[in-house]
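Q: Curious how this folds, go ahead:
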Amino acid sequence: MRIFLLLFLLFPLAELAVLIKVGSSIGVLPTILLLIISGMAGILLLRLAGFATAWRARERLARGELPEQEMLQGLMMAVAGGLLFLPGFLSDVIALLVLFPPTRRLFLGLVGRRIERQAQRRRAFEDDIRQRSGEQPANHRPNVIEGEWERRDK
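A: Below is the predicted model of the structure:
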C-alpha cells in the first residue's frame with residue numbers, strides 16, 4: 001500500500017520534470033501541441049476501445065462463452081486511453097506500451113495470473129473456514145447410489 005502512495009506522489013513530479021526537459025529542448029509551443037494531440041488521441045481511443053470491446057464481448061456471449069479476455073483487454077485499452085488523456089510524456093509512454101500488442105499480451109498474462117492466484121487464495125481461505133466450523137458447502141449432497149429394486153416376498 002505504501003508503494004502506491006509513493007508512486008502517487010512521485011509520478012506527477014516525474015511527469016513535470018520530463019515536461020520541463022522536453023519543453024526546454026523543443027520549445028513550449030511544440031510541447032503543448034504534442035500534449036493536446038496525445039489528449040485527443042486518448043479520447044478517440046477510449047471511444048473506439050469501448051465500442052470494440054462491447055462488440056467482441058457481445059459476440060462471445062452470443063456463442064455462450066464468457067468474455068473474460070475481452071473484458072480484460074477492454075480494460076487495458078481504457079487504461080491506455082486514460083493515460084494518453086493525462087498531460088505528460090511518461091504516461092504517454094506507458095499508454096503506448098499498453099497499446100502495443102506484444103506488451104499488451106504480456107500485461108494481460110500477468111494480470112490474468114494475478115487474478116487466478118487471488119481467486120485460488122480466496123477459495124482456499126473459504127474452504128479452510130468451512131472446514132474449521134464444520135459447515136458443509138451449500139451444494140454438498142450426500143452420496144446416493146441410484147438404482148432399481150424389486151421387492152420379492154416369499
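Q: S38: how many residues sit nearby?
A: S38 is flanked by 20 other residues according to other C-beta atoms under 10 Å. For every residue, glycine as well, the C-beta is placed using N, CA and C.
Q: Name the helix or strand for it, please.
A: For S38, the element it lies in under DSSP states H and E is helix 28-62.
Q: which other helices and strands contact that helix?
A: Helix 28-62 sits against helix 2-26, helix 68-85, helix 89-99, with contacts defined as 3 or more C-beta pairs under 8 Å, 6 or more residues apart in numbering; DSSP states H and E.
Q: weakest of those by average pLDDT?
A: Of all the helices and strands packed on helix 28-62, mean pLDDT reaches its minimum on helix 68-85 (a mean of 82).
Q: List the buried residues in that one.
A: Within helix 68-85, the residues that count as buried by 16 or more other C-beta atoms under 10 Å are 70, 72-74, 76-81, 83-85.
Q: Pick out whichever of these sits closest to R121.
A: L72 (19.0 Å; C-beta to C-beta).
Q: who's in contact with the closest one?
A: Going by C-beta atoms under 8 Å, 6 or more residues apart in numbering, L72 touches 108, 111-112.
Q: returning to that earlier point: select, out of the helices and strands packed on helix 28-62, the one closest to G50.
A: Between G50 and the helices and strands packed on helix 28-62, the shortest separation by C-beta to C-beta is 7.0 Å, and it involves helix 68-85.
Q: Let's see the closest one as CSV, backbone CA atoms only.
A: Taking Å, rounded to 0.1, in the frame of the first residue of the first chain, the C-alpha atoms of helix 68-85 are listed here in CSV:
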residue,chain,number,x,y,z
GLU,A,68,-13.3,-12.5,-19.7
GLN,A,69,-10.4,-12.0,-22.1
GLU,A,70,-12.3,-9.3,-24.0
MET,A,71,-13.2,-7.5,-20.8
LEU,A,72,-9.6,-7.5,-19.6
GLN,A,73,-8.4,-6.3,-23.0
GLY,A,74,-11.0,-3.5,-23.0
LEU,A,75,-10.0,-2.5,-19.5
MET,A,76,-6.3,-2.3,-20.6
MET,A,77,-7.3,-0.2,-23.7
ALA,A,78,-9.4,2.1,-21.4
VAL,A,79,-6.4,2.5,-19.1
ALA,A,80,-4.2,3.3,-22.1
GLY,A,81,-6.7,5.9,-23.3
GLY,A,82,-6.9,7.4,-19.9
LEU,A,83,-3.1,7.6,-19.7
LEU,A,84,-2.9,9.2,-23.1
PHE,A,85,-5.5,11.8,-22.0
